[in-house]
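K.L.:
Fold the following.
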Amino acid sequence: IVFTTNPLHLRSTPYSSDLGKAFTCPIFHCNGNDPLAVSTALETAVE
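P.N.:
Residues are numbered from 1 along each chain as shown. Next up, the predicted model:
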């Protein structure tokens with residue numbers, strides 16, 4: 001038995017970061033094409 005889920009019902013929130021907002025976690029948005037920016041954001045988060 002196979003079925004296809006409507007993309008609107010695929011997730012309970014439109015963005016994966018919305019789960020972090022529910023727990024008031026800090027969220028850093030970076031461009032994955034810029035590894036240095038990602039590294040800097042992670043270092044900032046750890047501090």
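K.L.:
Tell me where the longest helix sits in the protein.
P.N.:
helix 35-46 (DSSP state H).
K.L.:
which residues are in contact with that one?
P.N.:
26, 28, 30-32 (C-beta atoms under 8 Å, 6 or more residues apart in numbering). In short, each C-beta sits where N, CA and C put it, glycine included.
K.L.:
try 6 Å
P.N.:
For helix 35-46, the external contacting residues (C-beta atoms under 6 Å, 6 or more residues apart in numbering) are 28, 30-31.
K.L.:
now swap in stretch 16-34 and tell me
P.N.:
Contacts for stretch 16-34 (C-beta under 6 Å, 6+ apart): 37-38, 41.
K.L.:
Kindly present the residues you listed as TSV, with separate columns for neighbour count and distance to Lys21.
P.N.:
Below are these laid out as TSV (neighbours: other C-beta atoms under 10 Å; distance: C-beta to C-beta, whole Å):
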residue	neighbour count	distance to Lys21
Ala37	14	21
Val38	14	20
Ala41	14	17
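K.L.:
Alright, calling it a day.
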